[in-house]
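*Asks:* mind looking at a prediction? Sequence and model below.
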Amino acid sequence: MGTKNIFFKYFFIILITTTSCSLFSDDDGCSDDQNDSRPITVEGLLEITPLNTEYNQGDIIEVTLTLPSANNFFSTPVDLFDETGTIESWIEGFDHTELTAENTITLESGRLENNGRAYVIYNEDNNDYELIYRVTLERTGTYEILVSPSYRLRFPTNNACDFEVETSLNGFSTEEITNFTFEVTP
């Protein structure tokens with residue numbers, strides 16, 4: 001009879017311990033893997049305006065990507081800058097070279113590199129991560145921009161569970177890679 005009581009006693013201790021651990025775990029969507037992340041998708045953050053198939057030489061188009069640092073995109077409210085301290089994030093998959101080559105660029109916010117990389121930069125005045133630049137279309141001819149169904153921004157943390165935001169070019173399919181082709185005429 002004593003053996004049964006000890007068995008039930010240990011059984012209930014184990015049951016209560018495992019139940020309480022699962023109730024109070026801080027599962028944030030990440031495992032213990034070193035390169036894990038909390039990915040979310042927010043469609044259409046990257047924009048080209050106006051989005052046309054024909055432009056005149058001298059027309060100005062604007063390219064923007066604005067991501068609020070404080071947002072509800074993840075399972076709980078998160079302020080990416082407060083959580084990560086990240087000043088800038090590369091827009092993985094986005095290449096600006098076809099659009100910017102031989103044209104005049106006015107960069108308002110963010111960073112463009114000669115290798116085609118573009119970065120959003122944290123703006124403390126409005127608590128947003130931003131890329132904003134204008135292109136004066138001086139080069140005539142056909143432009144062909146490869147449009148990915150997903151552009152990725154990573155915000156690394158100290159605990160190896162990064163925040164990751166995937167987005168798309170507004171007005172394009174998020175299902176497949178396509179081309180945005182347009183003409184610039186004199």
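*Replies:* Structure received. Residues are numbered from 1 along each chain as shown.
*Asks:* so where's the chain uncertain?
*Replies:* Scanning the chain for pLDDT under 70 picks out 1-36.
*Asks:* how about 80 then?
*Replies:* Across the chain, the ranges flagged by pLDDT under 80 are 1-37, 159-160, 173-174.
*Asks:* residue ranges of the helices in it, please?
*Replies:* Ranges of helices in the chain, per DSSP state H, are 2-23, 80-84, 97-100.
*Asks:* name the residues of the second one that come out as buried.
*Replies:* Residues of helix 80-84 classed as buried under the neighbour-count rule (16 or more other Cβ atoms under 10 Å) are 80-81, 84. The C-beta positions use only the backbone N, C-alpha and C, and glycine is treated the same way.
*Asks:* how about the shortest one?
*Replies:* Under the neighbour-count criterion of 16+ other Cβ under 10 Å, helix 97-100 has 99-100 buried.
*Asks:* who does it touch, helix- and strand-wise?
*Replies:* Applying 3 or more Cβ pairs under 8 Å, 6 or more residues apart in numbering; DSSP states H and E, we find helix 97-100 packed against strand 141-147.
*Asks:* what sits up against the strand it packs on?
*Replies:* Residues outside strand 141-147 that contact it (Cβ atoms under 8 Å, 6 or more residues apart in numbering): 95, 98-99, 169, 172, 177-184.
*Asks:* within its sheet, name the partner strands of it and how each one runs.
*Replies:* strand 178-185 (antiparallel) (DSSP bridges).
*Asks:* contacts for the partner strand?
*Replies:* The contact list for strand 178-185, computed with Cβ under 8 Å, 6+ apart, reads 48, 52-57, 59, 137, 139-147, 169, 172.
*Asks:* buried sites along it?
*Replies:* Judged by neighbour count (16+ other Cβ under 10 Å), strand 178-185 contains these buried residues: 180, 182, 184.
*Asks:* CA atoms only: put that strand into CSV for me.
*Replies:* The C-alpha trace of strand 178-185 is given here as CSV (Å, rounded to 0.1, in the frame of the first residue of the first chain):
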residue,chain,number,x,y,z
THR,A,178,8.3,38.4,-62.0
ASN,A,179,9.7,41.4,-63.9
PHE,A,180,8.5,45.0,-63.7
THR,A,181,9.2,46.3,-67.1
PHE,A,182,8.7,49.9,-68.2
GLU,A,183,9.7,52.3,-70.9
VAL,A,184,11.2,55.8,-70.5
THR,A,185,10.8,57.9,-73.7
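*Asks:* what about burial for the contacts of strand 178-185, which qualify?
*Replies:* Neighbour-count burial (16+ other Cβ under 10 Å) applied to the contacts of strand 178-185 gives 48, 55, 137, 143, 145, 147, 169, 172.
*Asks:* from those residues, which is closest to Asp125?
*Replies:* If you rank these by distance to Asp125 using Cβ to Cβ, Ile48 comes first, at 24.2 Å.
*Asks:* OK, contacts around that closest one?
*Replies:* Applying Cβ under 8 Å, 6+ apart, the residues near Ile48 are 61-63, 169-171, 180.
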